[in-house]
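In: Got a predicted structure here, sequence first:
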Amino acid sequence: MSKAKAGDTVRVHYTGKLDDDTQFDSSSGRDPLEFGIGNGQVLPGFENAVEGMTVGENKSVRIEAEDGYGPHHEQLIQEVPKSVLPEDLTPEQGMQLQARDAEGNVTSMTVTEVSEESITVDANHPLAGKALNFDIELVEIV
C-alpha cells in the first residue's frame, strides 16, 4: 500500500481540538479536506503528520504553536479610539473587524475589550500561541 508523499494530492477527515478538549474545527459532516502535500495549503505540522500515512490509517498528532499558527504577538494587540470607527458600528467583545493599511492590505482582528472611549483589538490569529491536537484519517490519495 502506498504512503502519502510530497507531490501527492490527498483527502483527509480531521478533528482539531485544543489542550482543554475544546473542538475548533472538524471535517465531520463535510467532504474530506483535499490538499497537495508540499504545496503549503495547510499548516506545516498538519502536512508533516499526513506525509507517510496510508489510506485508511488514523493518526493523532499534537502540533505545537510554532508549526501551527505561530506565537501570540503582544504587538498585534492595540487600543483604538472609538472616534476612528465608522459611526454606525457598535463594537462588542468577540466581534471580528477588518482594517486596511496605506498599501491596501487587509488585516482581520478581534475586539477583545470595549470601554467608553476606546476598543482593544487583537490581530493575532485566534489559535496563535496554542498547541493544536488533530485526529486525522487519510481517506484517499488522489
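Out: Okay, I see it.
In: Outline the domain layout of this protein.
Out: In the domain annotation for the chain, the residue ranges read 9-70+127-141, 74-122 (automatic domain parsing).
In: where does the protein have its least confident helix or strand?
Out: Using mean pLDDT, DSSP states H and E, the weakest-scoring helix or strand in the chain turns out to be strand 96-100, at a mean of 91.
In: can you redo the domains of the chain as a markdown table with mean neighbour count and distance to residue 3?
Out: Just so you know, the C-beta spots here come from the backbone N, C-alpha and C atoms, and that holds for glycine as well. Rendered in a markdown table, the data for those read as follows (neighbours: other CB atoms under 10 Å; distance: least, CB to CB, whole Å):
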| stretch | mean neighbour count | distance to residue 3 |
| --- | --- | --- |
| domain 9-70+127-141 | 15 | 5 |
| domain 74-122 | 12 | 36 |
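In: is it true that residue 45 lies in a helix?
Out: Yes: secondary structure of residue 45 (DSSP: H, G, I helix; E, B strand; the rest coil): part of a helix.
In: Okay, now the sheet partners of the least confident helix or strand of the chain, with direction.
Out: Within its sheet, and counting by DSSP bridges, strand 96-100 is paired with strand 106-114 (antiparallel).
In: helix or strand right after the partner strand?
Out: Counting by DSSP states H and E, the element after strand 106-114 in chain order, helix or strand, is strand 118-122.
In: And the pLDDT for the residue lying closest to residue 99 once chain neighbours are set aside?
Out: Distances taken as CB to CB, 6 or more residues apart in numbering place residue 107 nearest to residue 99, at 5.2 Å, with adjacent residues excluded. In the prediction, the pLDDT value recorded for residue 107 is 91.
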